[in-house]
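Engineer: Dropping a prediction and its sequence here:
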Amino acid sequence: MRKILFIFLLILKISAIVISPPPTITSLTYGGASECPTGGIIASGVGSNYGVDPTQVSGDVNGVPITSFEIVDEENFKVGIPAGTGISNTLTLSVLGSDTSATYNIAYQAPSIDSVSESTTSGSTITVTGENFGNNLEVIAVDIGSEIQIDSDHTVISFKVPAGTGTSKPFVLTVGGQTVSGYYDYSKPYIESATQVSTEGGTITVTGSNFGTSLQTVSILLGTSSIFIMSVDHNTIVFAAGERTQGYSDALQITVDGQSEEVLYTYYFSEPSITSSPTEPIASGSTVIIEGTSFGKSNVYTYITKDGGNTVQVTFVEDHKKISFVMPIGTGFEKTFNLHFGKDFTIPFTMSYPKPVITEITGDFSTGGGGIHIKADNIGTDDGLISVTIGERDCVDLTLSEDTITCYVPSGIGKDFKVTIRVDDQNSEDNANAINFSYDPPHIDSFVGSMSTSEAGILTIYGSNFGDTPSYINFIWDGQTTGATVSMYDLETLDIPRPLGAGAIKFQVEVGGQASNEMTFFFNIPEFFEMYYNENGDDIPITGGIGELRGDNFGYDRSRISLQINENYLDTFELISNNKISLTVPPGESGQTQYSVTLTVAGGIY
């Protein structure tokens, strides 16, 4: 009985397989789309005769196995469509035990482009993003590109484009026989750096990127001036810039095939520099020459200031290289000047004014002090910067009028005091031709005093410029300083002890190293009473002999006395006293009854 039942069931099963209808595919949808993405998808299908066991179902698309199969119900299923491309692809589904398979045409979606990256003008790889690019290089082509690369997610493709310039350059992408058109741009020109030239102009080399290679597609503006382009390569442009009148920066714009940078590049000309300026002092009003580079050529834009003061106009001696200006009034050593180029640059430099030079001193040189006038060069106009010293003493109450300083010298005595004018920070005393100051020398107007030869006396001298300190006054008597103590009655009157003497004596006073005018003091005239041969008063014999000359006011200095008998000078005589001289009278001539006696005392003959 069991054997019979088994055979019956087997017959029934075989009968069921044999009579199973073939599978069918009525329609497929791809996530709501009518075409399949190139990356594949789980498609929803309508069909029949797939049984209840999805493991019994197999399939492929052009030989590529399906990725999955799911029976939803008797009329619906889901099938995993593999990646692919093109519009004519056959899906084949088979059910185990069925002689017939179901087929259906699979059309993959056409490629679409979302974005395209830029290329450098030298040609580079651009990246295209989008959808349905597939993943099979064998079915992908680009009409202008090379070195195609794809991404495994079907959304990115890249390829290298040729060198060029401009925007909206077309290309055609073909994927599995389906095409899509796209456009790419070459990158805008970009400036990294530019060589500098002076305001004279010159050749400028610009480095950067995306300049192209065609002179016909490139233009340059420097400021508002069109520029002559000498050569261009993708990363380098060489052009000639003309001279610059003023200013040191301007917008540099490079346009390549209609494209330019959104943010303009600022070009800077070489900064100005000073290569030569005077090292020797320059007097006010003199012409100064400054040499340098990149000065421009505008005497409105370019100017000089001194110590932040008034503007000094410049003149261009040679455009861009050499300027001149008139040295402004001033004084001092290494004063700061500034050379301005508008608001762009300021170059400080130093120059010195000459030291003060005294040319003349006039005025009151009396020892009582007074006003003097010092004429000098290079003293400026600011009396607040000026001081004057006489020796080591200040000349006070200073005023200035043009080239003359007036100040008051304190009382004093002496000569050859160095006069120093200090202006700002420079002294006139450093000049080789410095002029000295001397007080007026003392001057004797008159004098009175005892003329007696028998005793010393007080000599009262009247005059001026004696100073005010008696100890500084010396009395010179007969060419010798006496060392006498001088008394001052007032500034114009001196009392000085005079030595003994006779005849005529010259004298002076000396104050502070300066001697007064010379005066002559006359003692009482020597008197010649008589000459004695002996106590009896006898006449001197013709044979001569020793005699005695008697009188008065002979003095006490034999060296100042000379005696002459007839025409013969006596070498041997003795001054005994102020009124007596002993002498040897030479023999007389036959018949001579008297002698001629001449007495000279200090130059006076009696």
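Structural biologist: Perfect, thanks for sending it.
Engineer: ok now do the spatially most central residue of the chain, which residues does it touch?
Structural biologist: Against the mean C-alpha coordinate of the chain, by CA atoms, centre = their mean, the closest residue is P348 at 3.5 Å. Shown in contact with P348 (CB atoms under 8 Å, 6 or more residues apart in numbering): T336, F337, N338, L339. Yep, even glycine has a C-beta here, placed from its N, CA and C like the rest.
Engineer: swap the cut-off to 7 Å and go again
Structural biologist: Listed by CB atoms under 7 Å, 6 or more residues apart in numbering, the contact partners of P348 are T336, N338.
Engineer: Under a three-state scheme, what state does it occupy?
Structural biologist: What DSSP: H, G, I helix; E, B strand; the rest coil gives for P348 is strand.
Engineer: Bridge partners for it, pull those for me.
Structural biologist: N338 (DSSP bridges).
Engineer: Return the distance of it relative to G501.
Structural biologist: According to CB to CB, to the nearest Å, P348 stands 76 Å off from G501.
Engineer: do the same with A376
Structural biologist: Relative to G501, and taking CB to CB, A376 is found at 50 Å.
Engineer: ok, now V57?
Structural biologist: Taking CB to CB, one finds V57 at 168 Å from G501.
Engineer: bridging residues for T305?
Structural biologist: T311, N338.
Engineer: how many neighbours does it have?
Structural biologist: T305: 16 surrounding residues under other CB atoms under 10 Å.
Engineer: OK, contacts around it?
Structural biologist: For T305, the contact set (CB under 7 Å, 6+ apart) comprises T311, V312, N338, H340.
Engineer: Would you mind putting the residues you listed into JSON lines with distance to S450 alongside?
Structural biologist: Formatted as JSON lines, the contacts of T305 follow (distance: CB to CB, whole Å):
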{"residue": "T311", "distance to S450": "79"}
{"residue": "V312", "distance to S450": "76"}
{"residue": "N338", "distance to S450": "79"}
{"residue": "H340", "distance to S450": "83"}
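Engineer: Just the buried residues from the residues you listed, in ChimeraX please.
Structural biologist: Selection of the buried residues among the contacts of T305 in ChimeraX, burial being defined by 16 or more other CB atoms under 10 Å:
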select :312,338,340
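Engineer: Just the closest of the contacts of T305 to Q216, please.
Structural biologist: Proximity of the contacts of T305 to Q216 (CB to CB) peaks at H340, which lies at 43.4 Å.
Engineer: thought the closest one was touching T346?
Structural biologist: Yes - assessed by CB atoms under 7 Å, H340 is found in contact with T346 at 5.2 Å.
Engineer: Would you map the helices across this protein?
Structural biologist: Assigned by DSSP state H, the helices in the chain fall at 2-18.
Engineer: low pLDDT regions in it?
Structural biologist: 1-19, 430-434, 534-539, 588-594, 603-606 (pLDDT under 70).
Engineer: With adjacent residues omitted, what lies nearest to G202?
Structural biologist: A241 (6.4 Å; CB to CB, 6 or more residues apart in numbering).
Engineer: I'd say the one you found and G201 touch.
Structural biologist: Yes - A241 is within contact range of G201, at 4.8 Å (criterion: CB under 7 Å).
Engineer: Please say which of those two ends up with more neighbours.
Structural biologist: Set A241 next to G201 and count neighbours by other CB under 10 Å: A241 wins out with 23 against 14.
Engineer: give the contact list for that one.
Structural biologist: A241 is in contact with V197, G201, G202, I204, L222, I227, counting by CB under 7 Å, 6+ apart.
Engineer: Which of those sits closest to S181?
Structural biologist: Nearest to S181, judged by CB to CB, of those is I227 at 38.0 Å.
Engineer: Need phi/psi at G483.
Structural biologist: The phi and psi torsions at G483 (degrees, to the nearest 10) take the values phi 80, psi 10.
Engineer: From T217, how far off is it?
Structural biologist: Going from G483 to T217 by CB to CB gives 111 Å.
Engineer: quick one: which of those two has more around it?
Structural biologist: Legend: neighbour count by other CB under 10 Å for G483 and T217, higher for T217 (18 against 7).
Engineer: Tell me if I'm right that G51 and V95 touch.
Structural biologist: Yes - assessed by CB under 7 Å, G51 is found in contact with V95 at 6.2 Å.
Engineer: Look at these two and report which has more neighbours.
Structural biologist: V95 (22 against 16).
Engineer: so what's T255 closest to, chain neighbours aside?
Structural biologist: S219 (4.8 Å).
Engineer: Verify the stated contact: the one you found with V256.
Structural biologist: No - with contact defined as CB under 7 Å, S219 does not count as touching V256 (8.3 Å).
Engineer: Those two: which is more packed in?
Structural biologist: The neighbour count for S219 versus V256, taken as other CB under 10 Å, is higher for V256 (23 against 16).
Engineer: nearest spatial neighbour of the more buried one, skipping sequence neighbours?
Structural biologist: Using CB to CB, 6+ apart, the closest residue to V256 is P189 (4.6 Å).
Engineer: ditto for M230
Structural biologist: Closest residue to M230 apart from its sequence neighbours, by CB to CB, 6+ apart: V238 at 4.5 Å.
Engineer: Neighbours of that neighbour, how many?
Structural biologist: Neighbour count for V238, taken as other CB under 10 Å: 14.
Engineer: tell me the contacts of it?
Structural biologist: T203, T205, M230, S231.
Engineer: out of those residues, which one sits closest to P410?
Structural biologist: Nearest to P410 among those, with distances taken as CB to CB, is T203, at 72.2 Å.
Engineer: That closest one and A240 touch, don't they?
Structural biologist: Yes - assessed by CB under 7 Å, T203 is found in contact with A240 at 5.7 Å.
Engineer: Generate a PyMOL selection restricted to the buried subset of the contacts of A241.
Structural biologist: Burial among the contacts of A241 is assessed by 16+ other CB under 10 Å; the matching PyMOL selection reads:
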select buried, resi 197+204+222+227
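Engineer: Can you tell me which of the contacts of A241 is closest to Y248?
Structural biologist: V197 (11.1 Å).
Engineer: The closest one reaches L222, doesn't it?
Structural biologist: No - in this structure, V197 is not within contact of L222 by CB under 7 Å, at 10.8 Å.
Engineer: if I look at V95, how far off is G457?
Structural biologist: Separation of V95 from G457 (CB to CB): 174 Å.
Engineer: scratch that, V357
Structural biologist: Applying CB to CB, the value for V357 to G457 is 52 Å.
Engineer: do F228 as well
Structural biologist: Distance from F228 to G457, by CB to CB: 110 Å.
Engineer: More neighbours: which of the two?
Structural biologist: G457 (16 against 9).
Engineer: Pull the contacting residues for the more buried one.
Structural biologist: G449, S450, R498.
Engineer: and if you look at L385?
Structural biologist: Listed by CB under 7 Å, 6+ apart, the contact partners of L385 are T331, V423, D424.
Engineer: What number of residues are in the vicinity of the first one?
Structural biologist: For T331, the number of neighbouring residues by other CB under 10 Å comes to 22.
Engineer: you'd agree it is up against R422?
Structural biologist: No - the pair T331 / R422 is not scored as a contact, 10.0 Å apart, by CB under 7 Å.
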